[in-house]
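1. Below is the structure, and that's it, no one-letter string:
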């Protein structure tokens, strides 16, 4: 879809939920399953007489910005703009490397990944925002529609540039959509290569040897339930605690990596063969691996309410586990029938767990609205 000059365009980008392989994905070649979900971030880009940025969720509107010395500068001291700033920098630098200088534009961003009161569910907010910014700028100004891989790689560079860490699985879900089998590019590798490369284009064309992504299809006879335990988790706090175990007790850490790898392998085999027994077994194995590594590292990956969430899933004929870093946020359960799923959601509610109406989302970043002014 090509876009007329002076058009206003809105990009829709899904959030994510981690399904299996958390923490282990931070190590080279370890696989994770991640799912795009039907909660979104929207980025609307409109050509205007001056450059403006509006982050509607933060009530920051019409902030002036400019691109100089290969950096975006935004007229505010508010630190919450840093992810957007770096995403704009990366996307516009990429355009300039291809001889494209965008006309002035107003970029406006709105998220629905949190509830109305601002509660975070752990759906990958910063990654989805970064992906929406990159996708909007590329879709608007490139002569042909950008591939999901191009959006992913530029958004991954921007996200790691800002955060300094992370697996990029949330960026992948936002870029590609669907349910993905994913291996991380390795944040240290990407940062090092970004800092020494002569151009973004050269970095994108290089061999991202650790990175792989492959879409997988949800078996028809399985039902996914998502429950929120009412306590946002701090991934950035939990990850260093888990990884410290590698220095303190490397044997236990290696054991965790092995158990996680086995669990993800079993889970994926269940997925591919549409074998629910194998799928449930993989979920239970991954739950056990995560709970054990949490205990060994002295952190509460499976909180009491997440334990209840998982136990209830098993009692109702399925299997459940924490989604993401644990320590709160969401749990995910796979159930063998709609009836089992409905019974589980009621049991969760009775136990003080909030069922979320969240479903897999097959699309990644995409244009949802274009009109000529």
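-> Arrived safely, thanks for sending. On a predicted model such as this, the values are computed, not experimentally measured, just so you know.
2. Quick check: which element contains the residue nearest to the spatial centre of the chain?
-> Closest residue to the average C-alpha location of the chain: residue 170 at 1.5 Å, with Cα atoms, centre = their mean. Using DSSP states H and E, residue 170 falls within helix 169-176.
3. following that helix, which helix or strand comes up?
-> Taking DSSP H and E as the definition, the helix or strand right after helix 169-176 is strand 179-183.
4. okay but the residue nearest to the centre of the chain is in contact with residue 127, surely?
-> Yes. Between residue 170 and residue 127 a contact is recorded at 3.6 Å, counting by Cβ atoms under 8 Å. (Each C-beta comes from the backbone N, C-alpha and C, glycine too.)
5. shared neighbours of these two, anything?
-> residue 16 (Cβ atoms under 8 Å, 6 or more residues apart in numbering).
6. how far out from the middle of the chain is stretch 228-244?
-> 15 Å (Cα atoms, centre = their mean, to the nearest Å).
7. Between its first and last residues, how far does that stretch reach?
-> Using Cα to Cα, to the nearest Å, one end of stretch 228-244 lies 28 Å from the other.
8. Outside of the host helix or strand of residue 342 itself, list whatever touches it.
-> Per DSSP H and E, residue 342 falls inside helix 338-350. With Cβ under 8 Å, 6+ apart as the test, helix 338-350 has contacts from 223, 225, 227, 309, 312-313, 315-318, 333, 335, 354-355.
9. For these, name the two members farthest from one another.
-> Greatest spacing in those, by Cβ to Cβ: 317 and 354 (21.4 Å).
10. which parts of the one helix or strand residue 157 maps to are buried?
-> For residue 157, the element it lies in under DSSP H and E is helix 148-163. Buried residues in helix 148-163, counted by 16 or more other Cβ atoms under 10 Å: 148, 150-163.
11. Let me see the ranges of the helices in this structure.
-> Secondary structure of the chain (DSSP state H): helices located at 82-97, 125-141, 148-163, 169-176, 187-196, 200-205, 235-248, 250-273, 276-297, 304-315, 338-350.
12. Rebuild those as JSON lines, extending it with mean pLDDT.
-> Shown next, in JSON lines, are these (pLDDT from 0 to 100):
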{"stretch": "helix 82-97", "mean pLDDT": "97"}
{"stretch": "helix 125-141", "mean pLDDT": "96"}
{"stretch": "helix 148-163", "mean pLDDT": "97"}
{"stretch": "helix 169-176", "mean pLDDT": "98"}
{"stretch": "helix 187-196", "mean pLDDT": "96"}
{"stretch": "helix 200-205", "mean pLDDT": "97"}
{"stretch": "helix 235-248", "mean pLDDT": "86"}
{"stretch": "helix 250-273", "mean pLDDT": "97"}
{"stretch": "helix 276-297", "mean pLDDT": "96"}
{"stretch": "helix 304-315", "mean pLDDT": "96"}
{"stretch": "helix 338-350", "mean pLDDT": "98"}
